[in-house]
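>>> Got a sequence here, can you model it:
(chains A and B)
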2 protein chains.
Amino acid sequence: MANYKHILLAVDFSDHGIEVASRAGQLAELNHAQLTVVHVVENLPITEATYGPIPFDVDFTQTLLDDAKTRLAKVAAGLNVPEERRLLEMGSPKLEIVRVADENQIDLIVLGSHGRHGLALLLGSTANGVLHHANCDVLAVRLKND
Amino acid sequence: MANYKHILLAVDFSDHGIEVASRAGQLAELNHAQLTVVHVVENLPITEATYGPIPFDVDFTQTLLDDAKTRLAKVAAGLNVPEERRLLEMGSPKLEIVRVADENQIDLIVLGSHGRHGLALLLGSTANGVLHHANCDVLAVRLKND
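This next block holds a predicted model:
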């Protein structure tokens, strides 16, 4: 069976994300595969008005994107992934990850997986959603202590 | 990051199972990992009486087990997995796969994954269940044309 050729690491910047990144890096090396890194900034509907109306001049979206870009660059640099293969997307993580995978002829998606606890039990997780929708292999790296 | 040390291939003998087996074999080789193969014969509750009562002397369970043992041996032999690492279990696939993984200090489970079609959409798949319950990494190999 042929080695994987193009691996997509989906990062979420959680505490244990470094383990997922390391695993993706290791598999890319073993398979002599290209590595692309994606992070998806979720569209957060702002419906919470507990603290009063949000000032019009605060652009949360841009702040989120800037922050994500910095973190993404850090992870990608650690894996020697060049700038053109660092992708920052907005939307539904599972749908964006699957779309990016399709568009880049990815044959393996690597992402972190939390167990079935709390809300994930009701809502399903990103790993779960990607597993259902992906057109390629999916490696769920089990995150500990969650 | 350390290589995987002990990979568990969960086989279901579907048409595309050979791709899953090949992938597990390839990853075991790349990682210099031990490979164990498991197949779980599902407990099928016999509630269907359309064709009349089932004759008492037909032991379907034994027939299923014998058939599974032969198929398992064939897959395992193709991957050079010795007899002591060929496991045949009965019960719920997802629970048995997770149990076997725990008991054998498995760090990666490899199994096939069908997309979200038909009944799987309602019932969830084995890959999905294993992903939720596993205490180690899970690689879902995407089966095509299903």
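
>>> Return the residues of chain A in contact with chain B.
Residues of chain A that fall close to chain B, judged by CB under 8 Å from any CB of the partner chain: A:1, A:3, A:19, A:22-23, A:25-26, A:30-31, A:113, A:115-116, A:127-128, A:131-142. The way it works is simple: take the backbone N, C-alpha and C, and place the C-beta from them, glycine included.

>>> One more pass at 7 Å, please.
When proximity is defined as CB under 7 Å from any CB of the partner chain, chain A approaches chain B at A:1, A:22-23, A:26, A:30-31, A:113, A:115-116, A:127-128, A:131-142.

>>> In helices, which of those appear?
When the residues of chain A next to chain B are checked against helices (DSSP state H), the matches are A:22-23, A:26, A:30-31, A:127-128, A:131-133.

>>> Skipping adjacent residues, who's closest to residue A:91 in space?
Leaving out its chain neighbours, the residue that sits closest to residue A:91 by CB to CB, 6 or more residues apart in numbering or on different chains is residue A:43, at 5.9 Å.

>>> what about the one you found, neighbour count?
Residues lying near residue A:43 (other CB atoms under 10 Å in any protein chain shown) number 11.

>>> go on, residue A:1?
So residue A:1, with other CB under 10 Å, has 15 neighbours.

>>> got a list of what it touches?
Shown in contact with residue A:1 (CB atoms under 7 Å, 6 or more residues apart in numbering or on different chains): B:22-23, B:26.

>>> Now the buried members of the ones in helices among the residues of chain A next to chain B.
Buried by 16 or more other CB atoms under 10 Å in any protein chain shown: A:22-23, A:26, A:30-31, A:127-128, A:131-133, out of those.

>>> Kindly reformat those as a markdown table containing pLDDT and distance to residue A:107.
Below are these laid out as a markdown table (pLDDT from 0 to 100; distance: CB to CB, whole Å):
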| residue | pLDDT | distance to residue A:107 |
| --- | --- | --- |
| A:22 | 95 | 20 |
| A:23 | 96 | 16 |
| A:26 | 96 | 16 |
| A:30 | 95 | 14 |
| A:31 | 96 | 9 |
| A:127 | 88 | 18 |
| A:128 | 86 | 20 |
| A:131 | 90 | 15 |
| A:132 | 87 | 18 |
| A:133 | 91 | 16 |
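
>>> Using PDB, write out every CA atom in the top helix by length along chain A.
In chain A, with assignment by DSSP H, the single longest helix is helix A:60-78. The C-alpha trace of helix A:60-78 is given here as PDB (Å, rounded to 0.1, in the frame of the first residue of the first chain):
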ATOM      1  CA  PHE A  60     -14.100  40.700  17.700                       C
ATOM      2  CA  THR A  61     -13.800  38.800  14.500                       C
ATOM      3  CA  GLN A  62     -10.600  40.500  13.500                       C
ATOM      4  CA  THR A  63      -9.100  40.000  16.900                       C
ATOM      5  CA  LEU A  64      -9.900  36.300  16.800                       C
ATOM      6  CA  LEU A  65      -8.400  36.000  13.400                       C
ATOM      7  CA  ASP A  66      -5.200  37.900  14.300                       C
ATOM      8  CA  ASP A  67      -4.800  35.800  17.400                       C
ATOM      9  CA  ALA A  68      -5.400  32.600  15.500                       C
ATOM     10  CA  LYS A  69      -2.900  33.600  12.800                       C
ATOM     11  CA  THR A  70      -0.200  34.100  15.300                       C
ATOM     12  CA  ARG A  71      -0.800  30.700  17.000                       C
ATOM     13  CA  LEU A  72      -1.100  28.900  13.700                       C
ATOM     14  CA  ALA A  73       2.300  30.400  12.600                       C
ATOM     15  CA  LYS A  74       3.900  29.100  15.800                       C
ATOM     16  CA  VAL A  75       2.600  25.600  15.300                       C
ATOM     17  CA  ALA A  76       3.400  25.500  11.600                       C
ATOM     18  CA  ALA A  77       6.900  26.900  12.100                       C
ATOM     19  CA  GLY A  78       7.600  24.100  14.700                       C
END
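
>>> Return the set of buried residues in the helix or strand just after that helix.
Sequence order places strand A:86-91 as the next helix or strand after helix A:60-78, per DSSP states H and E. Residues of strand A:86-91 classed as buried by neighbour count (16+ other CB under 10 Å): A:86-87, A:89.

>>> nearest to residue A:74, of these?
Nearest to residue A:74 among the buried residues of strand A:86-91, counting by CB to CB, is residue A:86 at 10.3 Å.

>>> what pairs with the closest one across the strands?
residue A:37 (DSSP bridges).
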